[in-house]
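A.B. asks: Sequence and predicted structure, then a few things I'm wondering about:
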Number of protein chains: 4
Amino acid sequence: MKILLSNDDGYLAPGLTSLKQGLQSRANIITVAPNRDRSGASNSLTLAYPLHLTSHGDEVYSVDGTPTDCVHIALTGLCDRLPDLVIAGINAGANLGDDVIYSGTVAAATEGRNLGLPAMAVSCCGTGDYHFDTAVQAVLALLDKILNLEITADTILNVNVPNVPWSEIKGFQVTRLGKRHQSEPVIKTQDPRGRDIYWIGPVGELLDAGEGTDFHAIENNYISVTPLHIDLTHYQSMKLTEQWLKEV
Amino acid sequence: MKILLSNDDGYLAPGLTSLKQGLQSRANIITVAPNRDRSGASNSLTLAYPLHLTSHGDEVYSVDGTPTDCVHIALTGLCDRLPDLVIAGINAGANLGDDVIYSGTVAAATEGRNLGLPAMAVSCCGTGDYHFDTAVQAVLALLDKILNLEITADTILNVNVPNVPWSEIKGFQVTRLGKRHQSEPVIKTQDPRGRDIYWIGPVGELLDAGEGTDFHAIENNYISVTPLHIDLTHYQSMKLTEQWLKEV
Amino acid sequence: MKILLSNDDGYLAPGLTSLKQGLQSRANIITVAPNRDRSGASNSLTLAYPLHLTSHGDEVYSVDGTPTDCVHIALTGLCDRLPDLVIAGINAGANLGDDVIYSGTVAAATEGRNLGLPAMAVSCCGTGDYHFDTAVQAVLALLDKILNLEITADTILNVNVPNVPWSEIKGFQVTRLGKRHQSEPVIKTQDPRGRDIYWIGPVGELLDAGEGTDFHAIENNYISVTPLHIDLTHYQSMKLTEQWLKEV
Amino acid sequence: MKILLSNDDGYLAPGLTSLKQGLQSRANIITVAPNRDRSGASNSLTLAYPLHLTSHGDEVYSVDGTPTDCVHIALTGLCDRLPDLVIAGINAGANLGDDVIYSGTVAAATEGRNLGLPAMAVSCCGTGDYHFDTAVQAVLALLDKILNLEITADTILNVNVPNVPWSEIKGFQVTRLGKRHQSEPVIKTQDPRGRDIYWIGPVGELLDAGEGTDFHAIENNYISVTPLHIDLTHYQSMKLTEQWLKEV
């Protein structure tokens, strides 16, 4: 089995390194990841500038681009033989609820799926002192079966792992994305030169974190597995929109 | 009616200016857009650095950030009174099929919806010599009714307009996103200093561009209106994933 | 007479626009400037990525690069006929003393001189509410004579103008760069997410601002004109270094 | 003896690592360098955004800024006890002649001198397969004596080392900066999407590479040591400028 690893924290991030080490004996690994932290990059793709690829030996490459650029370059040019699977992560921090649209980790997996491969994004919840080993265990457990999973061609798995020792993990749960209240207001302040600056504010309070959500799974020490669309069409509302358009 | 305009081509882009002029007499307009071209930015959000807001008079502001940053800053801090609607565009070039996940235009609309407002992304198809006036007409036609559209709270409208005079437009069509074959390979070449560089290659050939798709509508001079999800959960595959997880 | 204008505040900056208007009747003007604020860019040159040039009509171009890139592209490719002179500015804020090495305005002039043309950098002192008209007057006064100035081929003029009405200007003074005490310490603080951030601190107090310095001229409402080296060799200390090297 | 190391090739660059290893037994080393390649950054200083400092253990830090930012942050905040000396390098590639004004390596040394410390920039000439060990030897030879060098407070040493084994080095030479003819024209081409792009062209042919220049020293396998100004005032042309100004 051949696996492409990527992430959005940069090719030297401990979460990625842990994952590479954990998978080493189970698969043939190639790593293509950003040359620096690109958290929040979403599916950003670099079209106006060229990219540079640097080899660091042992099939590890860095790119001066986004997570999406990395997976794109790997699958449409760098790899002689296509991998069987793309794994993005292990992200340092959760990718849960409505925030997943900003995630570079999820985007890296999405690009893998877009280019025809099964893909998952893996994140370790919490802040600091991450139990990456727990997340690695989770990946190893999923790995055996992932190629049997007959999910539609436009779905990826978003895996979030509680930040606890493996012994405290209760199991896996399939979840839907929870929801947050609207973000807190942007924070307006001044830099030391007296110029106004604005920081994107904190995420909102939890709005839908009930049973069945990814928030709820993590809260209860379950590993959360959420299937995510690649096809953004909202089929259910097509009919409604059609009726409405008749009035236009 | 109050409308927030944004885009990903920058606050001075002709498509945005045309839209502002076209809407001026119908609504109270505030414009918050990137200070330069940010095409391909997707839902990228700037968390590690602060943003700067520059006023250009006449309720036009630019931000040194992404389209998502612009809408976020507008709706969570800048606007005293929230707008009734967010419109992103008019983009210079189509946002069709699987490519919408990379779009900064679609992302700007998504951020509007995330923050609680009805939102649409508007793009003028073609390359160069854009009929922005046709796209403005399309927006004006939709505008009267948009607030009556009872689509679910996690849906935006992705509107693509053929690049032809208004007289040649056949009407509106509700569509699903079409699909392309995988992208063409990354283009490896050398810069003038002899260093290897990689350009993201062209999009793939059309794979699903049949009736009902946005590609098909545009090809036939219909204005394409596609409802897009904000909630990325793929509910239909949750059961399947659940069964599969039992084996893990 | 043909003049190339550039700056580091971006092609839409009021200081540049004032200068263009003021010179219009006296010379043939071409403007090539950054597409956004690039203050502090120094002589930074973009080698690893290509640049894009956008025409805004009326011989005004913007470039997605540094001030040095702009002048370089103008003089080694864009201009059919080379200009007779390069003027960088009018900068919004002083470029005095040891700080000139960080200045993108001074760097734009330096690049002009490097590529064989007489060049000057012009800055309007103060903060906000700039008397750009005074600086324009100063440039017009220098303009008639500038081509007669037989300064060595590796010198540019760094012109700083007091931020007062023209009627209050006392005259021109040739000056040396003053000096400041060391910068204030870097400012360590935290962003709203609790992550440590560092801001470059304020410049130091004046150390050498006595008669003959640019600081002193400005303080006394004189326009300061400082000839600056392009050749960085410190000829005076070559002998000393030679003796010292014998011991190595 | 305590030494601050920095560079413009990034904190992981082999030239920097070689230097650190070579100096380890002779001095107390702290390394603060950019988190990625910032070649060509010149004295660029980041004022509009904050910087982030990442510790990599063993007194090695990376900063998401320019070489100048790195030295500034080290000397005005990070170091409890100021170093005795700043060394920037070993750069992968020469910093000779008029090109030094673009150099981030030279800029890092300049910032050290600006903040009150003796400083040198060290570059290994050639392209690829660098003899960094030769350059390290050169630094070690200079090190013993550097604190005895009574050069004026506004001078740094720009050291370039031929890319040959140490046994082939002929000695040290004090040099002046050579000069090149004007750069080759900017290279106008198109990206794969048909958009015009411009690459800064190659440097010009040698114009002044005669005896006494840094080019000449390197050509003859001497280590070139050029004292460079920090004070950009061109004192020699002040009188001439003064006479000229009388006519204005």
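C.D. replies: That came through fine.

A.B. asks: Off-centre distance for the helix of greatest length in chain A?
C.D. replies: If you go by DSSP state H, chain A has its longest helix at helix A:132-146. Centre-to-centre, helix A:132-146 and its host chain are 15 Å apart (CA atoms, centre = their mean, to the nearest Å).

A.B. asks: what's the answer for stretch A:48-62, then?
C.D. replies: 20 Å.

A.B. asks: which parts of it are buried?
C.D. replies: Buried residues in stretch A:48-62, defined by neighbour count with 16 or more other CB atoms under 10 Å in any protein chain shown: A:48-53, A:60-62. C-beta: built from backbone N, CA, C; applies to glycine.

A.B. asks: Next, find the distance separating the closest residue to A:Ala88 other than its chain neighbours from A:Asn114.
C.D. replies: Computed as CB to CB, 6 or more residues apart in numbering or on different chains, the closest residue to A:Ala88 that is not its neighbour in sequence is A:Ala108, at 3.6 Å. Going from A:Ala108 to A:Asn114 by CB to CB, to the nearest Å gives 11 Å.

A.B. asks: the more surrounded of the two?
C.D. replies: Legend: neighbour count by other CB atoms under 10 Å in any protein chain shown for A:Ala108 and A:Asn114, higher for A:Ala108 (36 against 28).

A.B. asks: That one reaches A:Cys70, doesn't it?
C.D. replies: Yes. Between A:Ala108 and A:Cys70 there is a contact at 6.7 Å, judged by CB atoms under 8 Å.

A.B. asks: Spell out which residues are contacts of both of these two.
C.D. replies: Residues touching both A:Ala108 and A:Cys70 by CB atoms under 8 Å, 6 or more residues apart in numbering or on different chains: A:Ser6.

A.B. asks: just checking, A:Gly212 touches A:Leu177?
C.D. replies: No. In this structure, A:Gly212 is not within contact of A:Leu177 by CB under 8 Å, at 10.2 Å.

A.B. asks: more crowded one of those two?
C.D. replies: A:Leu177 (25 against 15).

A.B. asks: count of residues packed around the closest residue to that one other than its chain neighbours?
C.D. replies: Leaving out its chain neighbours, the residue that sits closest to A:Leu177 by CB to CB, 6+ apart is B:Thr233, at 4.7 Å. By the other CB under 10 Å criterion, the neighbourhood of B:Thr233 contains 21 residues.

A.B. asks: contacting residues for B:Thr233?
C.D. replies: A:176-177, A:226-229.

A.B. asks: try A:Cys125
C.D. replies: If you count contacts by CB under 8 Å, 6+ apart, then A:Cys125 has A:93-94, A:96, A:160-163, A:218 around it.

A.B. asks: 6 Å - rerun?
C.D. replies: By CB atoms under 6 Å, 6 or more residues apart in numbering or on different chains, the contact set of A:Cys125 is A:94, A:160, A:162-163, A:218.

A.B. asks: between these, which has the most around it?
C.D. replies: A:Asn160 (30 neighbours).

A.B. asks: Run through chain A and note the low-pLDDT ranges.
C.D. replies: Where chain A drops to pLDDT under 70, the residues are A:150-152.

A.B. asks: Would you mind naming what in it lies close to chain C?
C.D. replies: Residues of chain A lying close to chain C by CB under 6 Å from any CB of the partner chain are A:49, A:187, A:192, A:199.

A.B. asks: Report the buried residues of stretch A:206-222.
C.D. replies: Those buried within stretch A:206-222 under the rule 16+ other CB under 10 Å are A:206, A:208-209, A:213-218, A:222.

A.B. asks: that older thread, next, the residue nearest to A:Leu177: phi, psi?
C.D. replies: Main-chain dihedrals, B:Thr233, degrees, to the nearest 10: phi -60, psi 130.

A.B. asks: try the one 10 residues further on
C.D. replies: Recorded main-chain torsions at B:Gln243 are phi -60, psi -40, according to degrees, to the nearest 10.

A.B. asks: okay, now it: neighbour count?
C.D. replies: 10.

A.B. asks: same check, this time on A:Ala88
C.D. replies: Neighbour tally, A:Ala88, other CB under 10 Å: 35.

A.B. asks: which helices and strands sit right next to the helix or strand where it lies?
C.D. replies: Under the criterion of DSSP states H and E, A:Ala88 resides in strand A:85-92. Packed against strand A:85-92 by the contact rule (3 or more CB pairs under 6 Å, 6 or more residues apart in numbering or on different chains; DSSP states H and E) you find strand A:2-6, helix A:14-23, helix A:104-114, strand A:119-124.

A.B. asks: Can I get that strand in CSV, CA atoms only?
C.D. replies: The C-alpha trace of strand A:85-92 is given here as CSV (Å, rounded to 0.1, in the frame of the first residue of the first chain):
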residue,chain,number,x,y,z
LEU,A,85,-4.8,6.7,-0.3
VAL,A,86,-4.2,10.3,0.8
ILE,A,87,-4.0,11.2,4.5
ALA,A,88,-3.8,14.8,5.7
GLY,A,89,-2.7,15.4,9.2
ILE,A,90,-2.3,14.9,12.0
ASN,A,91,-3.4,18.4,12.5
ALA,A,92,-2.5,20.2,15.8
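
A.B. asks: Residues contacting that strand, please?
C.D. replies: Strand A:85-92 is contacted from outside by A:3-7, A:9, A:15, A:19, A:105, A:108-109, A:112, A:117-124, A:130, A:132, A:135, using CB under 6 Å, 6+ apart.

A.B. asks: right, quick check: stretch A:208-219 against chain B, any contact?
C.D. replies: No. For stretch A:208-219, no contact with chain B is found by CB under 6 Å from any CB; the gap never falls below 9.0 Å.

A.B. asks: Off-centre distance for that stretch?
C.D. replies: Chain-centre distance of stretch A:208-219: 18 Å, with CA atoms, centre = their mean.

A.B. asks: A:Pro165: neighbouring residues, count only.
C.D. replies: So A:Pro165, with other CB under 10 Å, has 11 neighbours.

A.B. asks: no, scratch that, I was asking about A:Ile87
C.D. replies: Applying other CB under 10 Å, I find that A:Ile87 has 32 neighbouring residues.

A.B. asks: same question, A:Ser25
C.D. replies: Residues near A:Ser25, counting by other CB under 10 Å: 7.

A.B. asks: same thing with A:Arg36?
C.D. replies: The number of residues near A:Arg36, taken as other CB under 10 Å, comes to 19.

A.B. asks: okay but it is in contact with D:Asn35, surely?
C.D. replies: Yes. A:Arg36 lies in contact with D:Asn35 (CB atoms under 6 Å); the separation is 5.5 Å.

A.B. asks: Tell me where chain A has helices.
C.D. replies: A:14-23, A:67-73, A:104-114, A:132-146, A:214-219, A:238-247.

A.B. asks: Residues in contact with the longest one: which ones?
C.D. replies: Outside of helix A:132-146, the residues that reach it under the criterion CB under 6 Å, 6+ apart are A:15, A:18-19, A:22, A:90, A:122, A:124, A:161, A:166, A:223, B:247-248.

A.B. asks: swap the cut-off to 7 Å and go again
C.D. replies: Identification of contacts with helix A:132-146 by CB atoms under 7 Å, 6 or more residues apart in numbering or on different chains yields A:14-15, A:18-19, A:22, A:26, A:85, A:87, A:90, A:118, A:122, A:124, A:159, A:161, A:164-166, A:169, A:223, B:244, B:247-248.

A.B. asks: Give me the buried positions along that helix.
C.D. replies: Using 16+ other CB under 10 Å as the test for burial, helix A:132-146 gives A:132, A:134-139, A:141-143, A:146.
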